[in-house]
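Visitor: Just a sequence and a predicted model for now, questions to come.
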Amino acid sequence: MKFIKGLVLLAIGGFLIYWAQTHPPTKDLLHAVNNEIIGSYALSKPMYYGTLAVGGILAALGLYRVYKDTK
């Protein structure tokens, strides 16, 4: 049961990656108008790439912990 911490890190990392992918920086007018209509927003480029990086690091660390603890 020690691998639960790894699973939690993996889940948090996966969520951050998913969330960043669903709120990318707007590149065209159609995407910006769609965000205004549905009430969503777009991340700035630094926040987008930062969220992807942190999510990737947490997911990789979670995978490593799960692998290490189940071995």
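Guide: Great, that's in hand.
Visitor: Check whether Thr51 really touches Trp19, as I assumed.
Guide: Yes - contact criterion C-beta atoms under 8 Å: Thr51 and Trp19 qualify, at 6.9 Å. No exception for glycine: its C-beta is placed from N, CA and C like everyone else's.
Visitor: and the worst-scoring helix or strand of the chain on mean pLDDT, what does it pack onto?
Guide: Lowest mean confidence among the helices and strands of the chain (mean pLDDT, DSSP states H and E): helix 29-38, at a mean of 74. Using 3 or more C-beta pairs under 8 Å, 6 or more residues apart in numbering; DSSP states H and E, no helix or strand is in contact with helix 29-38.
Visitor: So, low pLDDT: which residues of this structure?
Guide: Across the chain, residues meeting the criterion (pLDDT under 70) sit at 35.
Visitor: which one's the longest helix in it?
Guide: helix 45-70 (DSSP state H).
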